[in-house]
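In: predicted model and sequence follow; I will ask about them next.
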Amino acid sequence: MADVVAALDCGSNSTRLLIASSSNVALRREMRITRLSQGVDSSGTLTREALQRSYDVLGEYRAYMDELEVQRGLLVATSAVRDATNGPEFLQRAHDITGVEARILTGNEEATLSYSGATADLAPDVRPTLIIDIGGGSTELAVVLHDTMHSYSMQLGCVRVTERALGSGVVRPDSDAAARTMIAGELEKAWKAEPVFEELVGNVRLIGLAGTVATLAQLDAGLVTYDRNAVHHRVITKETVDEWRDTLGRETPQERLARPGMVAGREDVLTAGLYVLDAVMERLHANELLSSENDILDGITLSLLP
């Protein structure tokens, strides 16, 4: 029987599944908002409620894997589990539920798999390609320059920036300033750690991954229901990012949720993700980015197949 493989991503804000055929054709994609990182930034532990939400979804995913006769798989966990004292407990239970290897990725592993997945179906470009993967707890930047992968994992994510600086409601001047300061500090660390990022300023193809960018693309397209073809490789300008950041910042989460394209569970944290995205684009002098629905899950299935 041909290989059917599964990739599971237990992120800070969402838990996702990709089941792929032996030719890496997607057979099923699923996403649930589980907010695994809720409170972990301040407490250092994953809460019982967040753990249970994730376990319930993983049980659902195991049933989908059984239906499609998955042969092999890999479950990865990132920022929230890396930062939590009870991360090992979560990994063991996740392994028990899904029956596949479960492990924490390093920031570099996360960036490498995300880069592989996001660029597999892209046409060549004379400019270097940089991916930005805005998660709940961290944001990964990755680029191949001079035949070498350069990546950095910033302690910036839509949940982390929301909880630590911006808040989830209408943005106030003081919270705006706090978020900008937090993001600027992490960007300085990234540029200091990877000076080659400076080579990208004004000359980069920027690819945006994960929920912040995907939801922005849906909002920009005015989609009532998700349409992968409408958001995958959608071009989004920096002006559009700025407009949505400011518009959503003036609204309550309930008002944001009423907008066509808003994903339930992201209405309280999307604005923070757009602050991160805008700051990175500003630093790079990038006037546009390409939204990619292919990401770390696609990189994992590629790595599992011959």
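Out: Now that the structure is in, tell me what you want to look at.

In: which parts of the stretch 101-250 of the chain are strands?
Out: According to DSSP state E, counting those that start in this stretch, the stretch 101-250 of the chain carries its strands in the segments 101-104, 129-134, 139-145, 148-154, 205-209, 235-237.

In: in its sheet, what does the fifth one sit against?
Out: Sheet pairing here is set by DSSP bridges, and for strand 205-209 it gives strand 129-134 (parallel), strand 288-291 (parallel).

In: hey, which of those is tucked in deepest?
Out: The highest mean neighbour count among the strands paired with strand 205-209, using mean count of other CB atoms under 10 Å, belongs to strand 129-134: a mean of 26. Placement of C-beta: from N, CA and C, glycine included.

In: quick one, that one and strand 148-154 angle?
Out: Angular relation of strand 129-134 and strand 148-154 on a 0 to 180 degree scale: 20 degrees, by axes from the mean of the first three to the mean of the last three CA atoms, to 10 degrees.

In: contacting residues around strand 129-134?
Out: Residues outside strand 129-134 that contact it (CB atoms under 8 Å, 6 or more residues apart in numbering) are 110-111, 114-115, 118-119, 122, 139-144, 156-158, 197, 200, 204-213, 273, 276-277, 280, 284, 289, 292, 295-296.

In: give me the ChimeraX select line for those residues, limited to the buried ones.
Out: Provided next is the ChimeraX selection string for whichever of those are buried by 16 or more other CB atoms under 10 Å:
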select :110,111,114,115,118,119,139,140,141,142,143,156,157,158,197,200,204,205,206,207,208,209,210,211,212,213,273,276,277,280,284,289,292,295,296
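
In: quick one, domains of this structure?
Out: Domain assignment for the chain by automatic domain parsing gives 5-104, 118-296.

In: go through those domains and name the closest to P306.
Out: Between P306 and those, the tightest spacing by CB to CB is seen for domain 5-104, at 8.1 Å.

In: poorly predicted segments of the chain, please.
Out: 1 (pLDDT under 70).

In: picking up where we left off before, let me have the domains of the chain in a markdown table, extended by distance to S303.
Out: Formatted as a markdown table, the domains of the chain follow (distance: least, CB to CB, whole Å):
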| stretch | distance to S303 |
| --- | --- |
| domain 5-104 | 8 |
| domain 118-296 | 10 |
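
In: before we move on, the earlier item: and the strands of the stretch 101-250 of the chain as JSON lines, adding distance to L223?
Out: Output for those, formatted as JSON lines (distance: least, CB to CB, whole Å):
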{"stretch": "strand 101-104", "distance to L223": "33"}
{"stretch": "strand 129-134", "distance to L223": "20"}
{"stretch": "strand 139-145", "distance to L223": "24"}
{"stretch": "strand 148-154", "distance to L223": "29"}
{"stretch": "strand 205-209", "distance to L223": "17"}
{"stretch": "strand 235-237", "distance to L223": "14"}
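
In: select, out of these, the one closest to T45.
Out: strand 101-104 (15.3 Å).

In: and that closest one, C-alpha only, in CSV?
Out: Coordinates of the C-alpha atoms in strand 101-104 are reproduced here as CSV (Å, rounded to 0.1, in the frame of the first residue of the first chain):
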residue,chain,number,x,y,z
GLU,A,101,6.3,10.6,17.2
ALA,A,102,5.7,13.8,19.1
ARG,A,103,8.6,16.2,19.6
ILE,A,104,9.5,19.9,20.2
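
In: for that strand, the distance to its chain's centre please.
Out: Offset of strand 101-104 from its chain centre (CA atoms, centre = their mean, to the nearest Å): 18 Å.

In: show me where the stretch 101-250 of the chain has helices.
Out: Ranges of helices within the stretch 101-250 of the chain are 107-119, 158-161, 173-193, 210-221, 228-231, 238-249, based on DSSP state H, counting those that start in this stretch.

In: packing partners for the second one?
Out: Helix 158-161 is packed against helix 173-193, helix 270-284, with contacts defined by 3 or more CB pairs under 8 Å, 6 or more residues apart in numbering; DSSP states H and E.

In: what is the neighbour count of L223?
Out: 15 (other CB atoms under 10 Å).

In: show me the contacts for the nearest residue to it once chain neighbours are set aside.
Out: Excluding the flanking residues, the one nearest L223 by CB to CB, 6 or more residues apart in numbering is G261, at 4.8 Å. By CB under 8 Å, 6+ apart, the residues touching G261 are T215, Q218, L219, D220, A221, G222, L223, V224.

In: same question, R48
Out: Contacts for R48 (CB under 8 Å, 6+ apart) come out as none.

In: and H95, by the same measure?
Out: By CB under 8 Å, 6+ apart, H95 lies in contact with L75, E101, A102.

In: how about the second one: what's its closest non-neighbour residue?
Out: Excluding the flanking residues, the one nearest E101 by CB to CB, 6+ apart is L74, at 5.4 Å.
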